[in-house]
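A.B. asks: Here is my input; please provide its structure:
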Amino acid sequence: MELRRLVRGHVEWPRLEAVVRELAERYGRDKVRVEFLDADNWLSTPMVVDDEWFVKVITRQNSLVHALFTTGRNLGAFSSGREGFFGHFGTPVQMAEHELEATRRMREIGVNAPKPVEALEIDGLGVLVLEYLPAFRSLDELTAAEEANLAPELFAGLRQLHDNGLAHGDLRAENVLILDDEIYFIDATSVREDGRDDARSYDLACALAALEPLTGPTETVDAALSAYSVDDLLAALEFLDFVNIRPDHDFDAAALKGEIEKRAS
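C.D. replies: From the prediction side, this is the model:
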(Lines give C-alpha, C1' and ligand atoms only; values in the text may rest on other atoms or scores of the structure.)
Protein backbone atom coordinates (compact mmCIF):
# COMPACT_ATOMS: atom_id res chain seq x y z
CA MET A 1 0.00 0.00 0.00
CA GLU A 2 2.79 2.46 0.83
CA LEU A 3 4.51 1.68 -2.48
CA ARG A 4 1.25 2.33 -4.32
CA ARG A 5 0.85 5.67 -2.58
CA LEU A 6 4.44 6.58 -3.38
CA VAL A 7 4.12 5.71 -7.05
CA ARG A 8 0.70 7.30 -7.47
CA GLY A 9 1.89 10.44 -5.73
CA HIS A 10 -0.15 12.80 -3.61
CA VAL A 11 -2.29 15.72 -4.71
CA GLU A 12 -1.92 18.56 -2.23
CA TRP A 13 -5.17 19.52 -0.53
CA PRO A 14 -5.14 23.16 -1.77
CA ARG A 15 -4.97 21.90 -5.37
CA LEU A 16 -7.86 19.49 -4.78
CA GLU A 17 -9.83 22.33 -3.21
CA ALA A 18 -9.15 24.42 -6.31
CA VAL A 19 -10.56 21.62 -8.48
CA VAL A 20 -13.69 21.28 -6.35
CA ARG A 21 -14.28 25.04 -6.24
CA GLU A 22 -13.92 25.29 -10.02
CA LEU A 23 -16.35 22.44 -10.61
CA ALA A 24 -18.88 23.89 -8.15
CA GLU A 25 -18.73 27.21 -9.97
CA ARG A 26 -18.99 25.62 -13.41
CA TYR A 27 -22.03 23.58 -12.41
CA GLY A 28 -23.81 26.35 -10.50
CA ARG A 29 -23.50 24.91 -7.02
CA ASP A 30 -22.93 27.05 -3.92
CA LYS A 31 -21.42 24.05 -2.21
CA VAL A 32 -20.80 20.43 -3.08
CA ARG A 33 -20.29 17.16 -1.26
CA VAL A 34 -17.11 15.30 -2.15
CA GLU A 35 -16.34 11.64 -1.46
CA PHE A 36 -12.83 10.40 -2.23
CA LEU A 37 -12.70 6.81 -3.41
CA ASP A 38 -10.16 4.30 -2.17
CA ALA A 39 -9.86 2.78 -5.61
CA ASP A 40 -6.97 0.61 -6.79
CA ASN A 41 -6.06 3.21 -9.38
CA TRP A 42 -2.48 4.17 -10.15
CA LEU A 43 -3.35 6.79 -12.73
CA SER A 44 -5.57 9.32 -10.96
CA THR A 45 -7.18 10.45 -7.72
CA PRO A 46 -10.88 9.54 -8.11
CA MET A 47 -13.74 11.22 -6.28
CA VAL A 48 -17.52 11.55 -6.44
CA VAL A 49 -19.09 15.01 -6.38
CA ASP A 50 -22.68 15.40 -5.12
CA ASP A 51 -23.36 11.73 -6.00
CA GLU A 52 -23.75 13.04 -9.56
CA TRP A 53 -20.30 13.30 -11.11
CA PHE A 54 -17.38 10.91 -11.11
CA VAL A 55 -14.19 12.96 -11.25
CA LYS A 56 -10.62 11.86 -11.92
CA VAL A 57 -7.79 14.20 -10.98
CA ILE A 58 -4.65 13.40 -12.95
CA THR A 59 -1.21 14.67 -11.95
CA ARG A 60 2.09 14.86 -13.79
CA GLN A 61 3.25 11.87 -11.73
CA ASN A 62 0.19 9.90 -12.84
CA SER A 63 1.20 10.70 -16.42
CA LEU A 64 4.73 9.43 -15.79
CA VAL A 65 3.37 6.21 -14.27
CA HIS A 66 1.16 5.81 -17.36
CA ALA A 67 4.30 6.13 -19.50
CA LEU A 68 5.96 3.34 -17.48
CA PHE A 69 2.89 1.13 -17.78
CA THR A 70 2.76 1.80 -21.52
CA THR A 71 6.40 0.78 -21.93
CA GLY A 72 5.84 -2.41 -19.92
CA ARG A 73 2.74 -3.35 -21.89
CA ASN A 74 4.51 -2.77 -25.19
CA LEU A 75 7.36 -5.01 -24.03
CA GLY A 76 4.74 -7.63 -23.22
CA ALA A 77 3.34 -7.30 -26.72
CA PHE A 78 6.86 -7.79 -28.12
CA SER A 79 7.13 -10.98 -26.05
CA SER A 80 4.04 -12.23 -27.90
CA GLY A 81 5.79 -11.62 -31.21
CA ARG A 82 3.84 -8.46 -32.04
CA GLU A 83 4.67 -4.80 -32.37
CA GLY A 84 3.79 -2.70 -29.34
CA PHE A 85 0.39 -1.05 -29.83
CA PHE A 86 -0.18 0.94 -26.64
CA GLY A 87 0.08 4.73 -26.81
CA HIS A 88 0.92 7.39 -24.24
CA PHE A 89 -0.12 10.99 -23.70
CA GLY A 90 2.37 13.63 -22.71
CA THR A 91 0.29 15.65 -20.25
CA PRO A 92 -2.36 15.02 -17.58
CA VAL A 93 -5.02 16.95 -19.50
CA GLN A 94 -4.33 14.89 -22.63
CA MET A 95 -4.98 11.73 -20.60
CA ALA A 96 -8.29 13.21 -19.42
CA GLU A 97 -9.26 14.30 -22.94
CA HIS A 98 -8.54 10.85 -24.34
CA GLU A 99 -10.72 9.06 -21.81
CA LEU A 100 -13.52 11.57 -22.37
CA GLU A 101 -13.37 11.00 -26.14
CA ALA A 102 -13.13 7.20 -25.75
CA THR A 103 -16.20 7.25 -23.50
CA ARG A 104 -18.07 9.45 -25.97
CA ARG A 105 -17.24 7.15 -28.88
CA MET A 106 -18.38 4.06 -26.99
CA ARG A 107 -21.75 5.66 -26.30
CA GLU A 108 -22.09 6.83 -29.91
CA ILE A 109 -21.93 3.24 -31.17
CA GLY A 110 -24.43 2.03 -28.58
CA VAL A 111 -22.07 0.51 -26.01
CA ASN A 112 -22.93 1.30 -22.39
CA ALA A 113 -20.55 3.76 -20.75
CA PRO A 114 -20.98 6.65 -18.29
CA LYS A 115 -22.15 9.92 -19.85
CA PRO A 116 -19.12 12.11 -20.64
CA VAL A 117 -19.27 15.61 -19.19
CA GLU A 118 -15.96 17.35 -19.84
CA ALA A 119 -12.19 17.25 -19.56
CA LEU A 120 -10.27 20.33 -18.49
CA GLU A 121 -7.08 21.58 -16.90
CA ILE A 122 -7.16 23.13 -13.44
CA ASP A 123 -3.97 24.29 -11.73
CA GLY A 124 -1.83 22.05 -13.95
CA LEU A 125 -4.00 19.00 -13.23
CA GLY A 126 -5.97 17.01 -15.79
CA VAL A 127 -9.59 16.73 -14.65
CA LEU A 128 -12.05 14.28 -16.18
CA VAL A 129 -15.75 14.54 -15.32
CA LEU A 130 -18.17 11.70 -16.10
CA GLU A 131 -21.61 10.68 -14.97
CA TYR A 132 -21.48 8.84 -11.64
CA LEU A 133 -23.04 5.39 -11.78
CA PRO A 134 -24.52 4.63 -8.35
CA ALA A 135 -24.84 1.17 -6.86
CA PHE A 136 -22.73 -0.52 -9.51
CA ARG A 137 -20.72 -3.72 -9.10
CA SER A 138 -17.59 -4.67 -10.96
CA LEU A 139 -17.33 -7.93 -12.85
CA ASP A 140 -15.29 -9.64 -10.13
CA GLU A 141 -17.98 -8.89 -7.53
CA LEU A 142 -20.58 -11.09 -9.23
CA THR A 143 -21.45 -14.63 -8.31
CA ALA A 144 -20.45 -17.39 -10.70
CA ALA A 145 -24.07 -17.74 -11.86
CA GLU A 146 -24.44 -14.00 -12.49
CA GLU A 147 -21.17 -13.86 -14.36
CA ALA A 148 -22.12 -16.85 -16.52
CA ASN A 149 -25.42 -15.17 -17.42
CA LEU A 150 -23.73 -11.91 -18.37
CA ALA A 151 -20.71 -13.41 -20.15
CA PRO A 152 -22.30 -13.46 -23.64
CA GLU A 153 -23.31 -9.81 -23.17
CA LEU A 154 -19.74 -8.92 -22.27
CA PHE A 155 -18.37 -10.49 -25.45
CA ALA A 156 -21.19 -8.97 -27.53
CA GLY A 157 -20.31 -5.50 -26.21
CA LEU A 158 -16.64 -6.06 -26.88
CA ARG A 159 -17.42 -7.26 -30.41
CA GLN A 160 -19.50 -4.13 -30.97
CA LEU A 161 -16.48 -2.02 -29.99
CA HIS A 162 -14.25 -3.95 -32.37
CA ASP A 163 -16.71 -3.91 -35.29
CA ASN A 164 -16.82 -0.12 -35.01
CA GLY A 165 -13.06 0.31 -35.25
CA LEU A 166 -12.41 0.69 -31.51
CA ALA A 167 -10.31 -1.21 -28.99
CA HIS A 168 -10.40 -0.95 -25.21
CA GLY A 169 -6.76 -1.75 -24.44
CA ASP A 170 -7.15 -2.33 -20.68
CA LEU A 171 -10.06 -4.73 -20.25
CA ARG A 172 -10.10 -6.25 -16.77
CA ALA A 173 -12.73 -7.02 -14.17
CA GLU A 174 -12.46 -3.60 -12.51
CA ASN A 175 -13.17 -1.88 -15.84
CA VAL A 176 -16.42 -3.75 -16.48
CA LEU A 177 -19.26 -2.43 -14.34
CA ILE A 178 -22.72 -3.92 -13.89
CA LEU A 179 -25.69 -1.64 -13.22
CA ASP A 180 -29.29 -2.87 -13.40
CA ASP A 181 -28.05 -6.09 -15.01
CA GLU A 182 -26.40 -4.19 -17.85
CA ILE A 183 -22.68 -4.04 -18.63
CA TYR A 184 -20.79 -0.75 -18.80
CA PHE A 185 -17.21 -0.32 -20.05
CA ILE A 186 -14.90 2.24 -18.44
CA ASP A 187 -11.21 3.28 -18.46
CA ALA A 188 -10.33 2.61 -22.10
CA THR A 189 -6.65 3.28 -22.70
CA SER A 190 -4.77 4.55 -25.75
CA VAL A 191 -4.12 2.16 -28.64
CA ARG A 192 -2.21 3.16 -31.75
CA GLU A 193 -4.17 3.10 -35.00
CA ASP A 194 -1.65 0.84 -36.74
CA GLY A 195 -1.97 -1.75 -33.97
CA ARG A 196 -5.76 -2.05 -33.79
CA ASP A 197 -5.97 -5.66 -34.99
CA ASP A 198 -3.49 -6.88 -32.38
CA ALA A 199 -5.17 -4.70 -29.74
CA ARG A 200 -8.51 -6.36 -30.45
CA SER A 201 -6.96 -9.81 -30.04
CA TYR A 202 -5.43 -8.58 -26.80
CA ASP A 203 -8.85 -7.26 -25.66
CA LEU A 204 -10.36 -10.68 -26.30
CA ALA A 205 -7.53 -12.38 -24.37
CA CYS A 206 -8.17 -10.02 -21.44
CA ALA A 207 -11.91 -10.73 -21.50
CA LEU A 208 -11.24 -14.48 -21.46
CA ALA A 209 -8.82 -14.01 -18.56
CA ALA A 210 -11.30 -11.90 -16.59
CA LEU A 211 -14.10 -14.47 -16.91
CA GLU A 212 -12.26 -17.78 -16.55
CA PRO A 213 -11.71 -17.68 -12.74
CA LEU A 214 -15.47 -17.68 -12.03
CA THR A 215 -17.05 -19.45 -15.00
CA GLY A 216 -14.24 -21.89 -15.86
CA PRO A 217 -12.58 -22.40 -19.24
CA THR A 218 -15.39 -24.29 -20.95
CA GLU A 219 -18.20 -21.82 -20.23
CA THR A 220 -15.85 -18.89 -20.86
CA VAL A 221 -14.97 -20.15 -24.34
CA ASP A 222 -18.64 -20.99 -25.02
CA ALA A 223 -19.57 -17.38 -24.22
CA ALA A 224 -16.74 -16.00 -26.35
CA LEU A 225 -17.84 -18.12 -29.32
CA SER A 226 -21.28 -16.49 -29.15
CA ALA A 227 -19.64 -13.34 -30.53
CA TYR A 228 -16.26 -14.38 -31.98
CA SER A 229 -14.98 -17.11 -34.30
CA VAL A 230 -12.53 -19.87 -33.41
CA ASP A 231 -9.93 -18.04 -35.50
CA ASP A 232 -10.48 -14.93 -33.38
CA LEU A 233 -9.89 -17.00 -30.24
CA LEU A 234 -6.73 -18.51 -31.70
CA ALA A 235 -5.42 -14.99 -32.35
CA ALA A 236 -6.25 -14.06 -28.75
CA LEU A 237 -4.51 -17.20 -27.49
CA GLU A 238 -1.20 -15.69 -28.63
CA PHE A 239 -1.63 -12.99 -25.96
CA LEU A 240 -2.70 -15.17 -23.03
CA ASP A 241 0.83 -15.63 -21.65
CA PHE A 242 1.34 -11.86 -21.75
CA VAL A 243 -1.98 -11.26 -19.96
CA ASN A 244 -1.11 -13.96 -17.42
CA ILE A 245 1.93 -12.06 -16.13
CA ARG A 246 -0.14 -8.96 -15.41
CA PRO A 247 -0.74 -8.61 -11.65
CA ASP A 248 -4.39 -7.64 -12.20
CA HIS A 249 -5.26 -10.94 -13.91
CA ASP A 250 -5.29 -14.32 -12.15
CA PHE A 251 -6.59 -17.18 -14.29
CA ASP A 252 -5.74 -20.68 -15.48
CA ALA A 253 -3.97 -19.89 -18.76
CA ALA A 254 -3.13 -23.52 -19.53
CA ALA A 255 -6.76 -24.65 -19.16
CA LEU A 256 -8.00 -21.75 -21.26
CA LYS A 257 -5.46 -22.45 -23.99
CA GLY A 258 -6.36 -26.13 -23.97
CA GLU A 259 -10.05 -25.35 -24.34
CA ILE A 260 -9.44 -23.01 -27.29
CA GLU A 261 -7.16 -25.53 -29.00
CA LYS A 262 -9.76 -28.25 -28.48
CA ARG A 263 -12.39 -26.12 -30.27
CA ALA A 264 -9.95 -25.48 -33.12
CA SER A 265 -9.12 -29.14 -33.68
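
A.B. asks: got a list of what E259 touches?
C.D. replies: Neighbour list for E259: 217-218, 220-221 [criterion: Cβ atoms under 8 Å, 6 or more residues apart in numbering]. For every residue, glycine as well, the C-beta is placed using N, CA and C.

A.B. asks: ok, now L75?
C.D. replies: So, once contact is read as Cβ under 8 Å, 6+ apart, L75 ends up touching G84.

A.B. asks: And W53, by the same measure?
C.D. replies: 23, 27, 117, 129-132.

A.B. asks: Selecting buried members of these in ChimeraX, what would you type?
C.D. replies: Selecting the buried subset of these in ChimeraX, with 16 or more other Cβ atoms under 10 Å as the burial test, is done by:
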select :23,117,129,130,132
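
A.B. asks: tell me which residues in stretch 109-128 are buried?
C.D. replies: 111-114, 116-117, 119-120, 122, 125-128.

A.B. asks: would you list those residues in CSV and tack on pLDDT and secondary structure?
C.D. replies: As requested, the buried residues of stretch 109-128 are exported to CSV (pLDDT from 0 to 100; DSSP: H, G, I helix; E, B strand; the rest coil):
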residue, pLDDT, secondary structure
V111, 95, coil
N112, 96, coil
A113, 95, coil
P114, 96, coil
P116, 97, strand
V117, 98, strand
A119, 98, strand
L120, 97, strand
I122, 97, strand
L125, 96, strand
G126, 97, strand
V127, 98, strand
L128, 97, strand
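
A.B. asks: Nearest to A227 among these?
C.D. replies: Of all the buried residues of stretch 109-128, A227 sits closest to V111, with 12.9 Å by Cβ to Cβ.

A.B. asks: Hmm, G157 and the closest one touching each other?
C.D. replies: Yes. At 5.4 Å, V111 counts as touching G157 under the criterion of Cβ atoms under 8 Å.

A.B. asks: what is in contact with those two at once?
C.D. replies: With Cβ under 8 Å, 6+ apart as the test, V111 and G157 both reach F185.
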